[in-house]
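Asks: Sharing a model that was predicted from the sequence below.
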Amino acid sequence: MPNWDEDSPTLRHNLTLILQQIADESDSRKPPTLELARNWQRTFMQGLMSQYPKYVGSFRGEQGLEITQVQIGPYWGVPAAGVARELQEFEQKLQVAVSSFDRVLPAGKELSREELNAVVDLCAWAHAEWIRIHPFANGNGRTARLWANFLAMRYGVPPFVRLRPRPDEGYEAAGIKAMRGQWEPTVRVFRRFLNRFLEDFG
């Protein structure tokens, strides 16, 4: 059984299943919820070896993870006691943004350059906020990338953020800045990713 951090065929298979489900449901415009992200993490952890099964499907601060902290380089995620509050605010802001986008970008609409940039901005904000909060004990980067692709496909944009292996080309540096509350660097990285994706597959 592969380790949950290993770039294994099992993990890639699980992520592919999630991405396919997101694509199949993109036109239905499901609301973005915390439970959706929780289920993604449960799904991509299936068949992977974990020494800490309590980490699967649970946010930090919940039962068994009341004092679990996470650190990326020199930066800490939101303290466990504050994760629930931060996640609630994330969900509310994202649902307000999506509701606004849904009104002006109906399913099937061809996006203008300005609209495309706005969608990429939303993808970057959601990704960076998830990274800043770091609500799971493990799997936050994968979940953040799923959020980005969930939002992209909702508005007819291809899933341009690679799930595995972890992207490069400035992605890690942008993630460090996201830990400090700066989401704009992720916008620049994501626009490069999208341009590269369209060049390669467009």
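Replies: Great, that's in hand. Numbers count the residues shown, from 1 in each chain.
Asks: use CA for all of it now, contacts and neighbours both
Replies: Noted.
Asks: The residue lying closest to Glu169 once chain neighbours are set aside: which element?
Replies: Closest residue to Glu169 apart from its sequence neighbours, by CA to CA, 6 or more residues apart in numbering: Val189 at 7.3 Å. Assigned by DSSP states H and E, Val189 belongs to helix 184-201.
Asks: If you count contacts, what does that helix end up packed against?
Replies: Using 3 or more CA pairs under 8 Å, 6 or more residues apart in numbering; DSSP states H and E, the elements in contact with helix 184-201 are helix 113-133, helix 171-179.
Asks: returning to what we had before: ok, the residue nearest to Glu169 to Pro32 distance?
Replies: Per CA to CA, to the nearest Å, Val189 is found 23 Å from Pro32.
Asks: So for these two, which sits in the more crowded spot?
Replies: Taking other CA atoms under 10 Å, Val189 and Pro32 do not tie; Val189 has more neighbours (20 against 16).
Asks: Before we move on, what's the pLDDT of the more buried one?
Replies: The model reports Val189 with a pLDDT of 98.
Asks: residues in contact with it?
Replies: Going by CA atoms under 8 Å, 6 or more residues apart in numbering, Val189 touches 169-171, 174.
Asks: so which of those residues is the most crowded?
Replies: Busiest of these [other CA under 10 Å] is Ala174, holding 21 neighbours.
Asks: mind listing what it touches?
Replies: Applying CA under 8 Å, 6+ apart, the residues near Ala174 are 183, 185-186, 189.
Asks: cool, Asp27 as well?
Replies: 107, 154.
Asks: Could you pull out the buried residues of the longest helix along the chain?
Replies: Using DSSP state H to define each element, the chain has its longest helix at helix 80-104. For helix 80-104, burial by neighbour count (16 or more other CA atoms under 10 Å) applies to 80-81, 83-84, 86-87, 90-91, 94, 98, 101.
Asks: Off-centre distance for it?
Replies: Relative to its chain's centre, helix 80-104 lies at 13 Å (CA atoms, centre = their mean, to the nearest Å).
Asks: quick one: average pLDDT of that helix?
Replies: pLDDT averaged over helix 80-104 gives 98.
Asks: And the contacts of that helix?
Replies: Under CA under 8 Å, 6+ apart, the answer for helix 80-104 is 31-34, 59-61, 65-69, 126, 129, 133, 135.
Asks: hmm, try it at 6 Å
Replies: Helix 80-104 has contacts (CA atoms under 6 Å, 6 or more residues apart in numbering) with 60-61, 67.
Asks: now that helix against helix 113-133, angle please.
Replies: Counting by axes from the mean of the first three to the mean of the last three CA atoms, to 10 degrees, helix 80-104 lies at 170 degrees to helix 113-133.
Asks: The spatially most central residue of the chain: what's its closest spatial neighbour, skipping adjacent residues?
Replies: Among the residues of the chain, the one closest to the centroid is Ala144, at 1.8 Å (CA atoms, centre = their mean). Closest residue to Ala144 apart from its sequence neighbours, by CA to CA, 6+ apart: His127 at 4.6 Å.
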